[in-house]
Structure formats: structure tokens, C-alpha cells
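Engineer: here's a sequence, model it:
(chains A and B)
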Amino acid sequence: MESLEELKGRIEALRSLFSDVKLMTDDETPAETASSFSSTMSDEVKDSNPYSRLMALKRMGIVQNYEKIRDYTVAIVGVGGVGSVTAEMLTRCGIGKLLLFDYDKVELANMNRMFYMPQQAGTYKVEAAAKTLNFINPTVDIKSFNMNITTVENYETFQKELLHGSLTGGRVDLVLSCVDNYEGRMTINQACNELGLPWFESGVSENAVSGHIQFINPGETACFACAPPLIVASSVDEKTLKKDGVCAASLPTTMAIVAGFLVQNVLKKLLNFGEVSHYLGYNAMKDHFPRMKLLPNTSCSDTNCIKQQEEYKEKVANQVVDESLKVSEKESAVVHEDNIYGIELVHDGAASKDDDYSAGDGVKYSLPQTSSNVEGPVVSDTNQSVDDLRNVMNNLNNL
Amino acid sequence: MDDSTKKTLSSIPLLKTKAGPRDKDLWPQRLKEEYQALIQYVKNNKDADQDWFRLESNSDGTRWFGKCWYFYNQMKYEFDIEFDIPVTFPVTAPEIALPELDGKTAKMYRGGKICLSDHFKPLWAKNVPKFGIAHAMALGLGPWLAVEVPDLIGKGLIQYKEKSEGEKS
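Structural biologist: Numbering: from 1, shown residues only, chains lettered A, B, ... in the order given. The predicted structure is shown next:
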């Protein structure tokens, strides 16, 4: 006799098998979908062309060359509430290749967010995501990595993939941080500062009613370590931040809005249209979207950030300014044939000075002096080797 | 921070070298300092008859494991500890995990990593590179156990198990 638990397990396994089979047999199989998604993008306007609406961006004069998207590789770290929706959007847009990093499993507690299905609960997020994305657009090359990138060993793999994981075996074009923790963000920051790779940071607050995206081009814009988290910069008493449990709130709306902003800016960056936001915030309570430029901190604690800043300065100084281009960029004044009311067009930013940077009120630019916090004895210099010390520790352990 | 925590803290030597496991040249020095501080802290605990954990590392000091225990109603509750030294160490603190408690408390992240974001991480960030593993134990895991273990026992989520003395050494 099988126990109730075993039977329940078998029912679960069969149910998941059934849903997979159903997906395979219903409507089109991935192989059939693949035939309608050809590797080249057609701009033919017909219902069976999956790219007709995207290719229309060219006819509308928004994007010069939409097909370029097929050449790009994007790495997404964290495929949770924001990352999975981001991956889906890029897949539908026909991105060339996606690298997915995560080490979490799908849980029923994730079902208030988009993308994952209840029957995927218990499976690894990267695997579940790769499967679904492959159904949506089988021509996108999806590689998944079920790993925590913060450990020494996995970090090596992570860096190697960022350097050699593109469609042509070269560097990925962009890294997207969709993680939910400080350690993950700092790890991506370190990797991108070391490699000089542009990346986007994204986040949704624990109370689910605000979020942000940030574009980080090492050396040009502020890196993630350039400004410390507010809780560290301000001398807020940690006790005042106590909350019951650590379960963060989340809303599918805020997550999807942030994912939408993220992918919008990724498309602008990759396909070269519009203006990429350095920092774009979202406050759901007032539907307020602050946008600002963030310059790097010249005393950033990450030495690679400082190195990138120097290289960027050099690059800018050596840049030859093409005067002919400058002239053509000038906007010609709009003159209408009749304008009896004397209506004038004024540039959005006409009233404000564009390059007036300042840290916002209440935001400190650097870490507080550590000496003011903890004082005490410091480890003494020793001639003992690490192994000697390890033995001392082991002896102590066995006392 | 209460007075007894302050006293514990002041008796653990502070570290000097800002280096993580990817700094090939400086990491051995940092690792030595980590061991020195830990040895001192364990000695202090033993002297005060408040010994409460064992830790050891792999050969390059990137992975740590051991045990910690907590006395409640004269009974000893013991848990396995494990954690990696993150590549961003010491800018970010190690994420100490008690895997067997995974899923039993909300104050824990995936894989049994204890939640330190409120009471410890800001303190750590303000004291880079002076704090090390010993400080993470004293100011991170210690207070966590003191709050969570009685709560878990009260909820019947952990039971007293006869073990440890026999398997020591």
C-alpha cells in the first residue's frame, strides 16, 4: 500500500506531465510556431506574421532598424516578479538571446505576480521560465543558469558568461538586475565594473508601492556602490525600522510597471531611439515618476568604478566632435502658415537648466565616517599562518 | 545596541584589511584576521561560560560551516550553520544560513538564510572593513537565535532532540 503522501506526490507528477502534454498538443506545437517565426523578421502586414506590429515601428519612424534586435544578447539576473515579465517582453520582441540566472523555485506565494503558473510550483524558476519562453517564441536562444551568483565559484561562471555568452561568443550587450536583495545587486555591480559592461538595476520597494530603474554605464553614470542605501547613509536607528516578519508585500501592477519601464529603456538603448533614463522612479501613491541623471561618485568605494571613471574621462576627452553632425541635430523652428493666436512651441526643458546636478534633499553622497561608530581593540599582527590559526581554532573547538 | 552587546562587541578585535576572496594578494591576510577575531571571541565565550557555536572553513576560507546551540528551559537546541563568503565581501556581510529551519519562520530567506536586514546589515555596512565573521555571529546570528528559537519552540516548530555530546570531536 502506498501512503497518502506518496499518492499525492504521484498525482502531482501526473498532473504536471498532463499539463506539459496538453501544452504540446493544444493548438500549435513549438515546431509549428517556429515555422511562423522565421529567423529573419518580415515586415509583411498580415495576421500570421508575429513581428508585423514591431516592424511597423520602422514605418512610423521610431526605430531605424528593428531587425537589429535579433543580434543582441541580454543577461537577466533574477527571474521573479520583475525579471520573468522582463524576459517575456524581450522574448516577444524577438531578442536574439537571453541568459537567465536565478536559484529560486516557483512557489504558490508568487501567484499574485505575473508569468508563472500554479502547476509550475516547486520547479526551478529558470527552468520553468525557459520552457514558457520557448513556447512563446522558439527562435529566441534561451540559456538558463540555476545558480546563486554571489558565491566565489558561481561568480566565475557568471563573469565567463557575461564575457563569452553572446550569440557570437562575445560579451553580452546588457545585463539586467531583477534581484530582490542587496548582495545580488552588489555582485552584479562588481562584475559590471570589472568588465566595463552596461547594466540596468531595477527594484520594487518592500511595501509594493514604489519602484525604480537605473541605467549604469561604468565610469559614465553612478554605479550601485556610488551612493550608499539611505538606511546606511542616514543615522536612522535600526530599531525604528523593525517590522513583523520579513514577508515583503508585492503587487503585479507595480512589478509589471517597473518591468515595462525596464524593457522600454532596454529597447531604447539597444535600438538607439529616444533617450535612456539614468534613473526613473515610480511612486504609486501619487503616480509620480521622478527622472534624473546620476553622476559617478569620485570617491566610490569600488576601485573598479574609479578606474572606469578615469577611462571614461579619457574617452570623452579624446572624442573628436563631428561639427557637421552637430548642425544637423539642431531643431529647425516650427513655423505654421497661419497662427492668428500667436501660439509658440517651447522646448520642454526650456525653463530649467539641464545640467544643474545636485544630490536630492536628505540624501547624503558618501558613507558616514566609520570611526564614529565602533571603537575597540584591533587584531594584532601575527607571524602565524592561516593554517596555524586554523589549528588553534580547531583545538579550541575540541576543548 | 544594549550594554551587554556593546561589551561583547568591544571584546572582539576589529579587522583591518579590506579584502574579499577575489583579492588574491590580500585575502590570506584578511582570512588570518578573521581567524584571529573568531579565536578571541570563542575564547571570551568559553571564559564567560557562554560558548555557543563552532565554526570551521574550507581550505581557502570561502565556505564556512559548523554548529550553534541555544539553551531554553535548560534544554539545548542545536543547529547546523553554513555560509559562503560572497564575492562582494566585506562590503556585504556573509549570509548565515541554518538550513534545517528553512520554511519554519518568516524571518528567513530561501535556503535558510537568516534575516539580518534590519538589525545587522546597516551596522555592518557602517563598519566596513572592521567587522568580520565573529561580529556577524555576535551581532547577527546571536540576537536572531535569542528571538527566534523561543518563538519556534513555542509554536511547536522545533522539538528537543537528544544529540551533540556524543558526536563532538
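
Engineer: what's the distance between the most centrally placed residue in chain B and residue B:55?
Structural biologist: By CA atoms, centre = their mean, chain B has its centre lying nearest to residue B:137, at 2.8 Å. Using CB to CB, to the nearest Å, one obtains 7 Å as the distance from residue B:137 to residue B:55. For every residue, glycine as well, the C-beta is placed using N, CA and C.

Engineer: overlap of the contact sets of these two?
Structural biologist: Common contact partners of residue B:137 and residue B:55 (CB atoms under 8 Å, 6 or more residues apart in numbering or on different chains): residue B:38.

Engineer: and the pLDDT at residue A:246?
Structural biologist: pLDDT, residue A:246: 54.

Engineer: nope, residue A:64 is what I meant
Structural biologist: We have a pLDDT of 92 for residue A:64.

Engineer: any residue of stretch B:30-46 touching chain A?
Structural biologist: Yes: shown here: stretch B:30-46 in contact with chain A (CB under 8 Å from any CB of the partner chain) through B:31-33, B:35-39, B:42-43, B:46.

Engineer: secondary structure element for the residue nearest the centre of chain A?
Structural biologist: For chain A, the residue nearest the mean C-alpha position is residue A:176 (2.5 Å; CA atoms, centre = their mean). Per DSSP states H and E: residue A:176 is located in strand A:174-177.

Engineer: any idea of the mean pLDDT in that strand?
Structural biologist: Here the average pLDDT along strand A:174-177 is 98.

Engineer: can you name the element that comes right after it?
Structural biologist: helix A:182-195.

Engineer: output that next one as CSV, restricted to C-alpha atoms.
Structural biologist: Below are the C-alpha coordinates for helix A:182-195, written out as CSV (Å, rounded to 0.1, in the frame of the first residue of the first chain):
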residue,chain,number,x,y,z
TYR,A,182,21.4,44.0,-1.8
GLU,A,183,24.0,41.2,-2.1
GLY,A,184,22.9,40.3,-5.6
ARG,A,185,22.9,43.9,-6.8
MET,A,186,26.4,44.5,-5.3
THR,A,187,27.6,41.3,-7.1
ILE,A,188,26.3,42.5,-10.5
ASN,A,189,27.7,45.9,-9.8
GLN,A,190,31.1,44.4,-9.1
ALA,A,191,31.1,42.2,-12.2
CYS,A,192,30.0,45.0,-14.5
ASN,A,193,32.5,47.5,-13.0
GLU,A,194,35.3,44.9,-13.5
LEU,A,195,34.2,44.1,-17.1
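
Engineer: quick check, pLDDT for residue A:6.
Structural biologist: Note on residue A:6: pLDDT of 87.

Engineer: which residues touch the residue nearest to the centre of chain A?
Structural biologist: With contacts defined as CB under 8 Å, 6+ apart, the neighbours of residue A:176 are A:74-77, A:83, A:86, A:199-200, A:202, A:262, A:266.

Engineer: closest to chain B among these?
Structural biologist: Closest approach to chain B among the contacts of residue A:176 (CB to the nearest CB): residue A:77, at 13.4 Å.

Engineer: got the phi/psi numbers for that closest one?
Structural biologist: Torsion angles at residue A:77 (phi, psi; degrees, to the nearest 10) stand at phi -100, psi 120.

Engineer: tell me what it is bridged to.
Structural biologist: Beta bridges link residue A:77 to residue A:101, residue A:177, judged by DSSP bridges.

Engineer: can you count the residues close to it?
Structural biologist: Look at residue A:77: counted by other CB atoms under 10 Å in any protein chain shown, it has 24 neighbours.

Engineer: please state the offset of the longest helix along chain B from the chain centre?
Structural biologist: Ranked by residue count, the top helix of chain B under DSSP state H comes out as helix B:27-47. The chain centroid and the centroid of helix B:27-47 are separated by 12 Å under CA atoms, centre = their mean, to the nearest Å.

Engineer: which other helices and strands contact it?
Structural biologist: helix A:386-398, strand B:53-57, helix B:133-135 (3 or more CB pairs under 8 Å, 6 or more residues apart in numbering or on different chains; DSSP states H and E).

Engineer: same thing but at 7 Å, please
Structural biologist: The contact analysis (3 or more CB pairs under 7 Å, 6 or more residues apart in numbering or on different chains; DSSP states H and E) places helix B:27-47 against helix A:386-398, helix B:133-135.
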